[in-house]
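# Predicted structure and sequence below. I'll ask about it afterward.
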Amino acid sequence: MPSLLPDKDLSALENHVHKIDDIRLTYEQGQLLETVQRCLQLFDAQLQLLRHKKAHLEIDIKNADLRQMTLFEELVLLKEFEKRENILASKVEAKYQEKLDGESKAAECMQKLEAKRTAMETLQDSEHALQVQFLTLLGDNNKFADFLTRVYKKKIKRAKKKVQKEEGSDDGSGEDSDEDSEWSESEEDSESEGGRGLDDSVCPAGCDKALYDAVCQLREQKLDVEEEIAEEKRSIDMTRKEYEAFLKKIKIIDSGLRTVESELEAFQLEKQQKLNELDVVVTLKLEQIQYVVHSKLPNDLSACIVIDHQMLKQLQRRIKELQQEKFSQRKQYNELRQKHIQLIKDRRHQEAKLNELEEKCNEIMMLKFGRVVDLELLEGVELNRNTLEVKEKLRQHELEHAHDIREYDSAVAELKQRITELTRRHTKKVDLYTMLLEEQQQLEEELDAKQKGLKTDFSGPSEQDKKEIEKLKLMVHQQAHRIDVMNHEIIQLSRKSGQILPPRNISSEDRARDVKDSAQDSTTVPPCGSSSEERAQESPAFCQSGVP
């Protein structure tokens with residue numbers, strides 16, 4: 001460092017310049033020293049920070065190594081259980097797929113069963129329609145009604161069944177056909193015994209050949225429908241059995257699926273238990289360890305317990321809560337003890353009062369009965385006596401009204417049967433009335449067609465036309481008379497009150513006599529050129545209203 005003393009050889013100005021240089025250099029030296037000191041402090045701080053980061057990094061690396069070791073142990077354990085788990089999972093998947101397939105097949109079977117039931121209902125409706133058509137063809141007061149009914153219900157051997165049998169029907173269907181043939185033969189024998197002894201394979205004398213052929217044709221149609229119904233019944237039974245088999249299979253699959261799922265669940269529990277048995281390393285800070293012995297950390301920490309800080313605070317609060325609860329329970333115990341003492345005193349007082357009342361009651365019974373009597377027994381005897389009296393009265397009332405109730409029940413059953421019979425007869429009348437209206441309309445259409453075909457220069461009706469007109473008039477009057485009788489009976493049957501007469505049977509002679517009288521009463525004949533509406537106004541047969 002240069003000296004700051006002035007040099008004698010130098011001038012005053014030079015000494016002053018030297019002083020200035022010395023001061024400047026001294027200041028620069030101090031600044032450099034401060035800069036070096038700051039650099040040293042910064043280096044030390046950065047070095048300390050790096051040491052701190054290194055320590056944290058080493059801790060993280062060690063935790064990662066421990067975690068890696070735990071995960072490796074878990075991986076080894078999971079690989080040991082993987083094969084069994086895959087087998088159980090594949091079994092569950094297979095069972096579930098089988099269940100889905102069975103449910104889909106059962107649904108398809110149910111749809112087929114519903115379709116077959118709908119077809120069965122359609123065939124039954126067709127059979128009922130054939131029955132109605134047969135009754136319409138049969139009509140009322142037909143002397144061959146029993147014969148035609150027997151012809152209609154007769155079961156005959158058909159070629160179609162033979163062909164089916166030759167083609168190879170099973171033994172069960174053959175037995176069914178044998179049973180049907182035996183049943184039909186027995187039915188034919190019973191019907192022939194109750195019939196008139198006529199051969200039902202030939203149209204008898206006096207019976208309409210067209211009606212007989214129509215009945216035979218309806219019988220063929222009925223047999224066709226019955227065969228289809230029998231086939232549908234067999235198909236429905238087979239489909240129902242198949243559906244029940246699918247349901248049983250689904251139940252078996254469900255039980256198997258539940259068994260496999262329970263096995264898989266037990267396997268998962270076993271695997272989780274094995275995973276829970278693995279040791280897991282937990283890193284603790286020194287400040288977290290509060291287990292000290294004589295102000296020192298012991299070497300053996302196996303007796304320590306690891307607990308959350310929040311849980312520790314909660315347990316500490318629970319200690320205070322338990323102390324408060326103990327105080328409140330002790331206070332409640334003292335209050336209940338005082339109340340118990342008071343209740344004992346009240347019980348003793350009530351016992352003394354009860355003893356006094358019993359002595360007084362015994363004295364009164366001795367004065368009245370001469371001895372002590374059990375009051376509860378007396379009350380029970382009085383109650384039983386009243387009950388017996390009420391039961392006896394009830395039994396007498398039931399006996400009095402039992403006969404009336406039986407009479408009312410029988411009367412109700414007879415009225416129901418009568419209503420059913422009247423409804424059936426009314427239905428037949430309505431069907432016949434509808435058929436007559438259709439025939440009347442058909443005749444009108446034929447008359448209109450014939451009148452339209454006449455020439456414009458027609459001078460008058462011919463003899464043949466007059467005969468046809470007279471014949472049609474007779475037919476119209478006959479139908480009008482029958483419609484009047486039927487309307488009269490329908491009105492009587494439709495009324496809720498009033499006398500109900502039996503259906504009127506009109507013989508062929510009475511019908512011819514009524515037709516002849518109605519022909520004599522009519523003085524004018526409607527012209528051929530008149531329309532069907534004008535003839536309907538003049539003839540009473542066309543003035544009938546609809547069915548009531």
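Nice, I can see it. Numbers count the residues shown, from 1 in each chain.

# Am I right that residue 202 sits in a helix?
No - counting by DSSP: H, G, I helix; E, B strand; the rest coil, residue 202 is not found in a helix; it is coil.

# Please report the number of neighbouring residues for it.
9 (other Cβ atoms under 10 Å). In short, each C-beta sits where N, CA and C put it, glycine included.

# Could I get the contacting residues of it?
Going by Cβ atoms under 8 Å, 6 or more residues apart in numbering, residue 202 touches no other residue.

# Sketch out the low-pLDDT regions of the protein for me.
Low-confidence segments of the chain (pLDDT under 70): 1-8, 157-201, 377-385, 453-462, 494-548.

# which residues in it form helices?
Taking DSSP state H as the criterion, the chain carries its helices at 12-138, 145-153, 159-168, 171-194, 209-276, 309-368, 375-452, 463-494, 508-521, 532-538.

# which strands and helices sit next to the second one?
Helix 145-153 is packed against helix 12-138, helix 171-194, helix 209-276, with contacts defined by 3 or more Cβ pairs under 8 Å, 6 or more residues apart in numbering; DSSP states H and E.

# follow-up on the earlier one: just tell me which of the helices of the chain ends up closest to residue 286.
Smallest distance to residue 286 across the helices of the chain (Cβ to Cβ): 12.4 Å, for helix 12-138.

# the inter-axis angle of that closest one versus helix 209-276?
150 degrees (axes from the mean of the first three to the mean of the last three Cα atoms, to 10 degrees).

# helices or strands next to helix 12-138 in the packing?
In terms of contacts (3+ Cβ pairs under 8 Å, 6+ apart), helix 12-138 is packed against helix 145-153, helix 209-276, helix 375-452.

# JSON lines please, covering those helices and showing mean neighbour count.
Listed next are those as JSON lines, based on neighbours: other Cβ atoms under 10 Å:
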{"stretch": "helix 145-153", "mean neighbour count": "18"}
{"stretch": "helix 209-276", "mean neighbour count": "14"}
{"stretch": "helix 375-452", "mean neighbour count": "12"}
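
# out of the helices of the chain, nearest to residue 294?
Residue 294 lies closest to helix 309-368 among the helices of the chain, at 22.6 Å (Cβ to Cβ).

# relative orientation of the closest one and helix 375-452 in degrees?
Taking the same axes, to 10 degrees, helix 309-368 and helix 375-452 form an angle of 110 degrees between their directions.

# Centre of the chain to helix 309-368, how far?
In terms of Cα atoms, centre = their mean, to the nearest Å, the centre of helix 309-368 is set 57 Å apart from its chain centre.

# try stretch 301-312
Centroid separation between stretch 301-312 and its chain, computed with Cα atoms, centre = their mean, is 58 Å.

# Now do that stretch: distance from first to last residue.
19 Å (Cα to Cα, to the nearest Å).

# hmm, back to that, just put the helices and strands packed on helix 12-138 in TSV and tack on distance to residue 475.
Listed next are these as TSV, based on distance: least, Cβ to Cβ, whole Å:
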stretch	distance to residue 475
helix 145-153	23
helix 209-276	17
helix 375-452	7
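
# out of these, which comes closest to residue 27?
Nearest to residue 27 among the helices and strands packed on helix 12-138 is helix 209-276; the distance by Cβ to Cβ comes to 73.3 Å.
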